[in-house]
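[1] build me a structure from this.
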Amino acid sequence: MYRVVMVSSKPALLSALGSALEADNRLTVEWADSREHALTLAVGKPPDLMIVDETPAASADLELVRNIMHCNALINVAVISHLPEEAFHEAAEGLGVLMQLPPGAGAEEARAVLLRLSQMGYLTNP
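    Numbers count the residues shown, from 1 in each chain. This is a model prediction of the structure:
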């Protein structure tokens, strides 16, 4: 089972994304409500994917990604960010971010995440 941790202080805003991911029987979804909780999970029994919600300070999001990578570089990380694609790519360069998701991500973005993971060989057909 592929394990996903969604990191957000406002999980209600990501409920559509979480529900769409949970509907796929190949993975489980857990929630971390703080950066500290996310890092604890990254060190313990690390998840396969962490989805980091944006904060008012985009640099803090990428700092969390850096910290996750220091804990375990094998964790895939997707980041929810309002930054334009090019600006996000430049800001996240070298961090190994799996993909950028838009604020308010939902079922369509969940399908994109699942497709990317399948293309990379992380998910097998049900």
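[2] in this protein, which spans are strands?
    All strands of the chain, identified by DSSP state E, fall at 2-7, 27-32, 49-52, 76-80, 99-101.
[3] how about those strands in CSV, adding mean pLDDT, mean neighbour count and distance to Ala20?
    Heads up, the C-betas are built off the backbone N, CA and C, glycines and all. Converted to CSV, the strands of the chain look like this (pLDDT from 0 to 100; neighbours: other C-beta atoms under 10 Å; distance: least, C-beta to C-beta, whole Å):
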stretch, mean pLDDT, mean neighbour count, distance to Ala20
strand 2-7, 96, 22, 11
strand 27-32, 95, 18, 10
strand 49-52, 96, 25, 12
strand 76-80, 96, 24, 14
strand 99-101, 97, 19, 12
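[4] where in the protein is pLDDT low?
    57-59, 125-126 (pLDDT under 70).
[5] go with 80
    By pLDDT under 80, the low-scoring segments of the chain are 55-60, 124-126.
[6] any idea how far the spatially most central residue of it is from Met6?
    Centroid-nearest residue in the chain, with C-alpha atoms, centre = their mean: Ile51, separated by 1.5 Å. Separation of Ile51 from Met6 (C-beta to C-beta, to the nearest Å): 5 Å.
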